[in-house]
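# Could you work out the structure for the sequence below:
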Amino acid sequence: MASTKTWAAPLILLLLLCSVSLEFAAANADDVEPKVEDPEGKVPKTVRCRNKKFPTCYWIPFTCPTACPRSCKVDCEICKPVCHCNKPGAICNDPQFVGGDGITFYFHGKKDKDFCLVTDTNLHINGHFIGRRGDGMKRDFTWVQSIGVLFGTHKLFLGAKKVAQWDDAVDQLAIAFDGEPVSLAITENAEWTAADSSLTITRSGSTTNEVVLQAPNNFKIAAKVVPITKQDSMVHRYGIRDDDCFAHLDLGFRFYALTGSVSGVLGQTYADNYESRAKIGLKMPVLGGDREFASSGLFTTDCAVARFRGVVPSSVEGAVVSDDGDLKCKTGFNGRGMICKK
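Numbering: from 1, shown residues only. Below you'll find the predicted structure:
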């Protein structure tokens, strides 16, 4: 009996210590094995295919690649999540361009200035750049805050409003067509159609600040207003303050009637015989041309490389127009493509 009593007390104490240790471990499980997080410190984002034309993929949830939590889309045709900002025709971040040839480059431009992004016989797109210079930096950080689109005899404006504190539930898009504000209901798939044009504007995605603008046989633009987060500012030394989160546009373009002489910062990459001038070997290849692409306003066509004449797409001599053939391009806009380069 004495031997049994000798071992009982230490055994009970050991069991109590084990129990407390297990409870402590359970309470702090996140500290021991943290959840996989994206670069902004959030649980990985999930997205769904929202195109009913692809029933085998429709409404299936996907986990976004950690490399693109903010710009993740589902390519319903291949039923796979993709980084929208890595697709040809994309303009994102500090402006990072993905050309029609698939090569990524940077064009910084200058803050508070306008630059020609695309210019062709029936399509001219200028972008207004905003920016700031971080402490100790030699150049301005810039972002595309708005675009002015000229096609036919029409003018389309799309911009991000100036915002201090970001709330994705609040509509921060400003849209106008031929000088008149466009009122678009804040519900998914809400659609607005121009009275005297085939232009349609559709609220897309699962957030308030995403839209798709489409003029058949001419262009399709996917746009999303995004802020500079505190995490972005800290990592890249942007120096963003509390009075302005520098809301800007992430853009994806698809073109249906470009000619071989198209130009502009992005447009030139779709031209015949285009060869990239960016130094590809660099970690961050930069394309210059501030003077070549500079415009005096958001709706002016006075850049040195301007091509705009305002003609109807189907009458453009030498234009490449999409049809219902088998040609397909993975540009982030489910469906047929018209310009598949390299």
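# what about the helices in the chain?
Shown for the chain, the helices assigned by DSSP state H span residues 2-27, 29-32, 230-236, 290-293.
# Now tell me which of these the model trusts least on average.
Mean pLDDT across the helices of the chain is lowest at helix 29-32; the value there is a mean of 33.
# what about this structure, any weak spots by pLDDT?
For the chain, the stretches with pLDDT under 70 are 1-44, 69-70, 134-137, 205-206, 279-284, 311-342.
# Who does the residue most central in space within it form a beta bridge with?
For the chain, residue 250 is the residue whose C-alpha lies nearest the centre (Cα atoms, centre = their mean; 3.1 Å). Beta-bridge partners of residue 250, counted by DSSP bridges, are residue 224.
# and it, how far is that from residue 235?
Per Cβ to Cβ, to the nearest Å, residue 250 is found 18 Å from residue 235. No exception for glycine: its C-beta is placed from N, CA and C like everyone else's.
# that older thread, quick one: the residue nearest to the centre of the chain and residue 91 touch, right?
Yes - with contact defined as Cβ atoms under 8 Å, residue 250 counts as touching residue 91 (7.4 Å).
# can you pull the contacts of the residue nearest to the centre of the chain?
The contact partners of residue 250, taken as Cβ atoms under 8 Å, 6 or more residues apart in numbering, are 70, 71, 84, 85, 90, 91, 92, 93, 223, 224, 226.
# what's the nearest residue to residue 253 if we skip its chain neighbours?
Leaving out its chain neighbours, the residue that sits closest to residue 253 by Cβ to Cβ, 6 or more residues apart in numbering is residue 89, at 4.0 Å.
# cool, residue 213 as well?
Closest to residue 213 by Cβ to Cβ, 6+ apart is residue 221, at 4.6 Å.
# Against residue 199, how distant is the one you found?
11 Å.
# list the residues that contact both of those two?
213, 214.
# Can you give me the distance of residue 261 to residue 215?
20 Å.
# Can you give me the domain boundaries for this protein?
Annotated domains of the chain cover 24-86, 100-315 [automatic domain parsing].
# Deepest in the core, which of these is it.
Most buried of the domains of the chain, by mean neighbour count (mean count of other Cβ atoms under 10 Å): domain 100-315, with a mean of 18.
# and that domain, how far out from the chain's middle?
10 Å (Cα atoms, centre = their mean, to the nearest Å).
# ranges for the strands of the stretch 51-200 of the chain?
Ranges of strands in the stretch 51-200 of the chain, per DSSP state E, counting those that start in this stretch, are 61-63, 72-75, 80-83, 90-92, 96-98, 104-106, 113-120, 123-132, 141-151, 154-160, 173-177, 180-181, 191-193, 200-203.
# Kindly reformat those strands as JSON lines containing distance to residue 278.
Shown next, in JSON lines, are the strands of the stretch 51-200 of the chain (distance: least, Cβ to Cβ, whole Å):
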{"stretch": "strand 61-63", "distance to residue 278": "32"}
{"stretch": "strand 72-75", "distance to residue 278": "25"}
{"stretch": "strand 80-83", "distance to residue 278": "20"}
{"stretch": "strand 90-92", "distance to residue 278": "15"}
{"stretch": "strand 96-98", "distance to residue 278": "9"}
{"stretch": "strand 104-106", "distance to residue 278": "4"}
{"stretch": "strand 113-120", "distance to residue 278": "16"}
{"stretch": "strand 123-132", "distance to residue 278": "18"}
{"stretch": "strand 141-151", "distance to residue 278": "17"}
{"stretch": "strand 154-160", "distance to residue 278": "26"}
{"stretch": "strand 173-177", "distance to residue 278": "31"}
{"stretch": "strand 180-181", "distance to residue 278": "38"}
{"stretch": "strand 191-193", "distance to residue 278": "37"}
{"stretch": "strand 200-203", "distance to residue 278": "33"}
